[in-house]
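Trainee: coords please:
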Amino acid sequence: MIHEENGQCPTFWTGPAVDQIALAGIISDLSLRLDQVLGCRSILSQQVDQ
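Mentor: Below is the predicted model of the structure:
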């Protein structure tokens, strides 16, 4: 858990909505990349099965 009073919380946690939108973009980009990686793995595993 991130507590605001500890003074170590990232800027996106307490920052304006713009930072949260940027963070959401980063998360969606990461999940997209993860989907691509998992997709490549599933294709590779299908080729191995054949």
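Trainee: Now do the helix or strand containing Gln36: which elements does it pack against?
Mentor: If you go by DSSP states H and E, Gln36 is part of helix 17-49. Taking 3 or more CB pairs under 8 Å, 6 or more residues apart in numbering; DSSP states H and E as contact, the helices and strands that helix 17-49 lies on are helix 11-14. In this view, the C-beta of every residue, glycine as well, is placed from N, C-alpha and C.
Trainee: mind running it again at 6 Å?
Mentor: Contacts defined by 3 or more CB pairs under 6 Å, 6 or more residues apart in numbering; DSSP states H and E place helix 17-49 against no helix or strand at all.
Trainee: any idea of the mean pLDDT in that helix?
Mentor: Averaging pLDDT along helix 17-49 gives 83.
Trainee: Run a quick neighbour tally on Asp49.
Mentor: Using other CB atoms under 10 Å, Asp49 is surrounded by 6 other residues.
Trainee: quick one: it from Ile43, how far?
Mentor: With distances defined as CB to CB, to the nearest Å, the gap from Asp49 to Ile43 amounts to 11 Å.
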